[in-house]
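> Need a 3D model of the sequence below.
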Amino acid sequence: MNLLIVALDPAIPADVPDANVLVVAPAVNSWLRHWLSDDDAARRQAEERVAAYVDRLERSGVHAEGRVGDADPLQAIADTLPTFSADEILIAAGSEIAARAANGLVTRARLRFSVPVSRAEESLPMAA
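Below you'll find the model as predicted:
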């Protein structure tokens, strides 16, 4: 099974099946920084999020790889699917703000892609 995890924040899903996992962290940026083409901080945060996800998943016995995606999470999914044949897409968000964004993203992704899409309801405790 190929599982695509879209990491909207650092909260790692508690229940990840034994699968071939690709973690994509959108380089989410503010409107002003995007307009000014200043995406260095957003990409750096996304890279850190990917590294934390992959490390935590690998330590729990799940093979995972990761990459930084487009600032628009829906576009990040669209960019990934041609090179990673996902059997399922899991939208991961633990914070309240990211959770609201995740709910809308799940709806839009279900309409756009022919892959089952779900949202991680619980997350692992944050690493110290």
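> Pick out the residue nearest the middle of this structure.
residue 6 (1.8 Å; CA atoms, centre = their mean).
> For the one helix or strand that residue maps to, which strands pair with it and how are they oriented?
Element membership of residue 6 [criterion: DSSP states H and E] is strand 2-7. According to DSSP bridges, strand 2-7 forms sheet pairs with strand 20-26 (parallel), strand 88-92 (parallel).
> Check which element follows the lowest-mean-pLDDT helix or strand in the chain along the chain.
Using mean pLDDT, DSSP states H and E, the weakest-scoring helix or strand in the chain turns out to be helix 31-35, at a mean of 48. Next along the chain after helix 31-35, taking DSSP H and E as the criterion, comes helix 40-59.
> who's in contact with the nearest residue to the residue nearest to the centre of the chain once chain neighbours are set aside?
Spatially, and ignoring its direct neighbours in sequence, residue 6 is nearest to residue 91 (5.0 Å; CB to CB, 6 or more residues apart in numbering). C-betas here are computed from N, CA, C, even on glycine. Counting by CB atoms under 8 Å, 6 or more residues apart in numbering, residue 91 touches 6, 8, 73, 102, 105, 106, 109, 117, 118, 119, 120.
> Per-residue pLDDT of residue 91, please?
Here the pLDDT value assigned to residue 91 is 91.
> And it, how far from residue 59?
Noted for residue 91: a distance of 22 Å to residue 59, by CB to CB, to the nearest Å.
> Kindly report the same for residue 15.
For residue 15 relative to residue 59 (CB to CB), the value is 15 Å.
> Repeat that for residue 10.
From residue 10 to residue 59 the distance is 15 Å (CB to CB).
> Between these two, point out the one with more neighbours.
residue 10 (20 against 9; other CB atoms under 10 Å).
> Tell me the one of the contacts of residue 91 nearest residue 84?
residue 6 (11.8 Å; CB to CB).
> who's in contact with the closest one?
Taking CB under 8 Å, 6+ apart, one finds 24, 25, 26, 69, 73, 76, 77, 89, 90, 91, 92, 105 in contact with residue 6.
> Bridged to residue 118, which residues?
residue 90.
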